[in-house]
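1. Sharing a sequence plus its predicted fold:
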Amino acid sequence: MERVVRTGLGVRVVQLVTDDPDAARCPECRSVSTSGKEWVLTRPHNLPCGGGPVAVQWRKRRWRCRTDACPRASFTEAVGQVPAGMRTTSRLRAALAVAVEDGRDQAEVAAAHGVSWPTVQRAVVVHAVAELVEPEPTTVLGMDETRFGRPRWLPDGHHDDGRIRWCRSDPWETGFVDITGDQALLGQVDGRTSAAVQAWLAARAQAFRTGIDVVVIDPHAGYAAAVRAALPGARIAVDHFHLIMLANKAVTAVRQRVTRDLLGRRGGKADPAWANRRLLLRGRERLSQAALARMWNGCVDHDPSGQILSAWIAKEELRALCATAARGGHREDIGRRLWAFYRWCAEADIPELTTLAETVETWWPAIEVFLTTGITNARTEGTNRLIKQVKRAACGFRNRDNYRRRVRLHCTRQTRRLSARKPTVPA
């Protein structure tokens with residue numbers, strides 16, 4: 001460093017010269033040149049220092065290469081922090097990539113550091129190539145879908161009758177998550193079909209596929225078919241979250257149907273069934289005595305058929321069945337609670353509860369895996385929350401490659417910078 005000058009606007013100008021003997025080495029033949037050609041003044045962007053902006057002026061030399069066999073006639077000095085052809089320092093590029101990795105929008109990061117959006121994008125791409133590696137084998141794999149964008153109607157081309165057909169495009173992304181390890185999001189694939197999942201699994205190494213023991217999914221027939229085809233030795237598990245969600249939907253469907261049958265319209269504030277709709281979806285242990293009495297008496301007094309209360313009890317029976325996983329998943333306990341749930345749904349003779357019981361029967365092998373192992377899809381749902389945060393910060397994506405790169409950088413735990421004591425940019 002030669003000197004530091006402060007301008008009238010308060011910006012410090014740091015004037016630098018090259019102090020690296022290897023900077024005069026030809027990048028082609030690697031010979032050191034002693035023949036100077038001219039001086040060049042460059043202004044590479046760098047990080048702020050000392051609480052304010054810093055303008056860097058690097059006065060470097062252009063050298064002649066005197067080696068006869070070398071195709072390069074001349075070259076300019078370059079150092080590790082500012083390689084040849086770069087107008088930003090390595091420290092700045094690392095800071096840009098880490099800022100985007102932490103969840104900030106690229107346009108916001110570019111404006112904060114006084115660079116362009118493509119500069120930030122190039123830094124993110126280079127950082128992702130170094131950080132995002134091929135997934136390592138894991139024993140428990142989680143799968144779930146997230147929406148990439150809004151549904152759109154797209155033309156399907158001209159047909160024989162001369163008319164244009166329109167098809168509905170519903171963009172989804174399927175994510176694969178390491179449930180028991182520390183790799184978090186392993187990758188994403190376009191769509192949520194069985195073929196898309198099989199293609200992603202087939203692209204992984206044989207050791208990765210054979211090492212998977214359990215695959216946790218939601219009750220999705222396409223995912224189940226893909227797992228059976230691509231991972232014949234893996235077990236499928238469906239956790240309690242999606243089962244109780246189906247039970248709550250059944251309670252809501254019964255309440256809406258009974259209200260329309262009794263009143264000829266949808267429920268309103270004056271109707272106890274509508275006023276207590278949230279209490280019907282709450283667990284029994286989370287209801288106070290007053291809330292339980294209000295909900296129970298409202299159903300008894302204003303629903304002569306008793307279907308709403310029967311649906312609520314069926315939901316609680318299913319919750320009691322799922323609770324056996326927390327008690328160790330003993331087969332006697334599971335069998336007793338399963339029989340109580342089936343008996344109640346059969347005696348109630350309500351279409352929504354019959355459908356719920358048939359769904360449980362269809363997915364029972366996968367449900368039993370959850371009850372006996374206690375493995376849930378909670379980490380996958382947490383990863384979906386991080387994915388939505390990235391999409392919200394970016395105000396949406398158009399490029400799928402940029403979307404998957406940004407999402408995996410943010411979600412992968414081994415590349416997350418969480419501790420303020422660990423510097424994100426080398427000093």
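-> Perfect, thanks for sending it. Numbers count the residues shown, from 1 in each chain.
2. pLDDT weak spots in the protein?
-> 1-2, 8-10, 50-51, 157-162, 413-427 (pLDDT under 70).
3. domain assignment for it?
-> If you go by automatic domain parsing, the domain ranges for the chain are 1-84, 140-238+377-411, 240-373.
4. How about Ser116, nearest residue that isn't a chain neighbour?
-> For Ser116, ignoring the flanking residues on the chain, the nearest one in space by Cβ to Cβ, 6 or more residues apart in numbering is Ala110 at 6.0 Å. Just so you know, the C-beta spots here come from the backbone N, C-alpha and C atoms, and that holds for glycine as well.
5. what comes up buried for the longest helix along the chain?
-> Counting residues, the longest helix found in the chain (DSSP state H) is helix 240-263. Buried positions in helix 240-263, judged by neighbour count with 16 or more other Cβ atoms under 10 Å: 240, 242-244, 246-248, 250-251, 253-259.
6. nearest to Thr89, of those residues?
-> Nearest to Thr89 among these, counting by Cβ to Cβ, is His242 at 49.0 Å.
7. Identify the residue nearest that closest one in space, chain neighbours excluded?
-> Closest residue in space to His242, ignoring its immediate chain neighbours: Asp218 at 4.6 Å, by Cβ to Cβ, 6+ apart.
8. for Leu231, same thing?
-> Among residues not flanking Leu231 along the chain, Ile212 sits closest, at 5.6 Å (Cβ to Cβ, 6+ apart).
9. Run through the residues that contact the one you found.
-> Residues in contact with Ile212 (Cβ atoms under 8 Å, 6 or more residues apart in numbering) are Pro137, Thr138, Thr139, Val140, Leu141, Leu231, Ala234.
10. out of those residues, which is most surrounded?
-> Within the contacts of Ile212, most neighbours by other Cβ atoms under 10 Å means Leu141, with 27 neighbours.
11. tell me which element that one is part of?
-> Per DSSP states H and E: Leu141 is located in strand 140-147.
12. Which strands border the following helix or strand past that strand, and is each parallel or antiparallel?
-> Note on strand 140-147: by DSSP H and E, the next helix or strand toward the C-terminus is strand 152-158. Take DSSP bridges as the rule and strand 152-158 pairs in its sheet with strand 164-169 (antiparallel).
13. Go ahead and name everything in contact with the helix or strand just after the strand it pairs with.
-> Under the assignment DSSP H and E, the closest C-terminal helix or strand after strand 164-169 is strand 172-178. The contact list for strand 172-178, computed with Cβ under 8 Å, 6+ apart, reads 135, 138, 140-148, 184-192, 196-197, 200, 223, 379-380, 383-384, 387, 403-404.
14. how far is stretch 186-201 from where the chain is centred?
-> The chain centre lies 14 Å from the centre of stretch 186-201; the measure is Cα atoms, centre = their mean, to the nearest Å.
15. Can you give me the first-to-last residue distance of it?
-> End-to-end span of stretch 186-201 (Cα to Cα, to the nearest Å): 11 Å.
16. Then stretch 208-219?
-> Using Cα to Cα, one end of stretch 208-219 lies 24 Å from the other.
17. So which bits of it are buried?
-> Buried residues in stretch 208-219, defined by neighbour count with 16+ other Cβ under 10 Å: Phe208, Arg209, Gly211, Ile212, Asp213, Val214, Val215, Val216, Ile217, Asp218, Pro219.
18. again with stretch 222-241
-> Going by neighbour count (16+ other Cβ under 10 Å), the buried part of stretch 222-241 is 222-224, 226-227, 230-231, 234-240.
19. count of residues packed around Asp27?
-> Careful, residue 27 is Pro; it's not Asp. Close neighbours of Pro27, defined as other Cβ under 10 Å, add up to 13.
20. My error: substitute Ser288 in the last question.
-> Counted by other Cβ under 10 Å, the residues lying close to Ser288 total 9.
21. Likewise for the one 4 residues further on?
-> Using other Cβ under 10 Å, Leu292 has 14 neighbouring residues.
22. just to confirm, which helix or strand has it in it?
-> Using DSSP H and E, Leu292 sits in helix 289-302.
23. Give me the angle between that helix and helix 240-263.
-> On the basis of axes from the mean of the first three to the mean of the last three Cα atoms, to 10 degrees, helix 289-302 is oriented at 40 degrees to helix 240-263.
24. neighbouring contacts of helix 289-302?
-> With Cβ under 8 Å, 6+ apart, helix 289-302 has contacts from 262, 271-273, 275-276, 279-280, 282, 284, 287, 306, 308-309, 312.
25. So which of those residues is surrounded by the most neighbours?
-> Highest neighbour count within the contacts of helix 289-302: Ile308, with 27 neighbours (other Cβ under 10 Å).
26. Quick check: that residue vs Arg257, distance?
-> Noted for Ile308: a distance of 10 Å to Arg257, by Cβ to Cβ, to the nearest Å.
27. got it, and Arg168?
-> Separation of Arg168 from Arg257 (Cβ to Cβ) stands at 28 Å.
28. Then Thr119?
-> To Arg257, Thr119 is 58 Å away according to Cβ to Cβ.
29. related to what we said a few turns ago, so what strands line up beside the strand holding Leu141?
-> Sheet pairing for strand 140-147, assigned by DSSP bridges, gives strand 172-178 (antiparallel), strand 214-216 (parallel).
30. Arg204 belongs to a helix, doesn't it?
-> No - per DSSP: H, G, I helix; E, B strand; the rest coil, Arg204 lies outside any helix segment and is coil.
31. Pretty sure it sits against Thr138.
-> No - the criterion here is Cβ atoms under 8 Å, and Arg204 misses it with Thr138 at 10.5 Å.
32. For the residue nearest to Gly268 when sequence neighbours are not counted, I want the exact helix or strand it lies within.
-> In space, and not counting its chain neighbours, Gly268 is closest to Trp274: 6.0 Å by Cβ to Cβ, 6+ apart. According to DSSP H and E, Trp274 maps onto helix 272-275.
33. residues making contact with that helix?
-> So helix 272-275 is contacted by 255, 258-259, 266-269, 298-299, 301-303, 308 (Cβ under 8 Å, 6+ apart).
34. For those residues, give me CSV that also has distance to Arg66.
-> Shown next, in CSV, are those (distance: Cβ to Cβ, whole Å):
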residue, distance to Arg66
Arg255, 89
Val258, 94
Thr259, 92
Arg266, 89
Gly267, 90
Gly268, 92
Lys269, 91
Gly298, 95
Cys299, 95
Asp301, 101
His302, 98
Asp303, 97
Ile308, 93
